[in-house]
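**Q** Predicted model follows, preceded by the sequence.
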Amino acid sequence: MTWKAAGIVACVAAAAAACNREAPRPAATAAPGITASAAAPPATLPPAAAPAAAPVAALAGAAPAGGGTALAREDTKWSGVVAEVTEFRRKGNTLTAKVRFRNQGTAPADVEVLLPEVYVMDAAAGKKYSVLKDENGAFIAALHPGWKDRWYDRISPGQEMVIWVKLPAPPPEVKAVTFQVPGVPPFDDLAIQDS
């Protein structure tokens, strides 16, 4: 080991030791007739050691290490499977939606999404936006190989899969819409993320 590497290791070890030090505990005071056997825990933590409180919304949207936070979540018609919208982003004239299917059950689930039945509804304006298609008539979305109109796969217990679709974006003044995926209750009042 070179002297530079040894110095870096020593610095890292010293920093780790400094971070792991506990604040001194106050001396225990015993009531008359009671013998104190150990120092009492501190009544409050010093400000630097106090844990940061996580916002409730962040905890509610927490997701497994394989993905980001969920913007919305619904149970599905497939036993044990939940659907979570992880992205709902407007960029220019296009809206990209990503949905994560997570199998929390004990048996594999065959999940199928028919893309002609996926849409966004702007109820206030009475407009429906369907998934975009390319020049060959294939949907611009995650597709099962060999198909132009659907995604499906078997999701094992504990497994998750993410699908995506591209839709026409509602006007910029529209901030929330209903997002419909077949086999899943509507994601009502889903906020649009603007890039």
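**A** Received it, and whenever you're ready, just let me know what you need.
**Q** Now do the buried residues in stretch 142-151.
**A** Neighbour counts over stretch 142-151 (16 or more other C-beta atoms under 10 Å) mark 142-143, 149-151 as buried. Just so you know, the C-beta spots here come from the backbone N, C-alpha and C atoms, and that holds for glycine as well.
**Q** Tell me which two in those residues are the farthest apart.
**A** By the measure C-beta to C-beta, 142 and 149 form the most distant pair in the buried residues of stretch 142-151, at 12.0 Å.
**Q** what's downstream of the lowest-mean-pLDDT helix or strand in the chain, the next helix or strand?
**A** The least trusted helix or strand in the chain, going by mean pLDDT, DSSP states H and E, turns out to be helix 56-60, with a mean of 26. Counting by DSSP states H and E, the next helix or strand C-terminal to helix 56-60 is strand 72-75.
**Q** Buried residues, that next one. List them.
**A** When burial is assessed from 16+ other C-beta under 10 Å, strand 72-75 yields the following buried residues: 72-74.
**Q** so who does the closest residue to residue 161 other than its chain neighbours touch?
**A** Nearest residue to residue 161 in three dimensions, chain neighbours excluded: residue 101, at 5.3 Å (C-beta to C-beta, 6 or more residues apart in numbering). Residues in contact with residue 101 (C-beta atoms under 8 Å, 6 or more residues apart in numbering) are 76, 78, 81-83, 111, 155, 160-163.
**Q** One more pass at 10 Å, please.
**A** 76, 78, 81-84, 109, 111, 113, 151, 153, 155, 159-163, 181, 183-184 (C-beta atoms under 10 Å, 6 or more residues apart in numbering).
**Q** name the element it belongs to?
**A** strand 94-103.
**Q** from the contacts of residue 101, which would you call buried?
**A** 76, 78, 81-84, 109, 111, 113, 151, 153, 155, 160-163, 181, 183-184.
**Q** among these, which are in helices?
**A** Among those, the subset assigned to helices under DSSP state H is empty.
**Q** Is the residue nearest to residue 161 bridged to anything, and to what?
**A** Here residue 101 sits in beta bridges with residue 83, residue 161, going by DSSP bridges.
**Q** Which pLDDT value goes with it?
**A** Per-residue pLDDT puts residue 101 at 98.
**Q** I'd like to know how far residue 73 sits from residue 101.
**A** 11 Å (C-beta to C-beta, to the nearest Å).
**Q** which residues in the chain form strands?
**A** Ranges of strands in the chain, per DSSP state E, are 72-75, 81-91, 94-103, 109-114, 119-122, 127-130, 150-155, 160-168, 176-180, 187-191, 193-194.
**Q** JSON lines for these, including distance to residue 137?
**A** Listed next are the strands of the chain as JSON lines, based on distance: least, C-beta to C-beta, whole Å:
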{"stretch": "strand 72-75", "distance to residue 137": "29"}
{"stretch": "strand 81-91", "distance to residue 137": "24"}
{"stretch": "strand 94-103", "distance to residue 137": "18"}
{"stretch": "strand 109-114", "distance to residue 137": "15"}
{"stretch": "strand 119-122", "distance to residue 137": "17"}
{"stretch": "strand 127-130", "distance to residue 137": "13"}
{"stretch": "strand 150-155", "distance to residue 137": "13"}
{"stretch": "strand 160-168", "distance to residue 137": "15"}
{"stretch": "strand 176-180", "distance to residue 137": "21"}
{"stretch": "strand 187-191", "distance to residue 137": "27"}
{"stretch": "strand 193-194", "distance to residue 137": "29"}
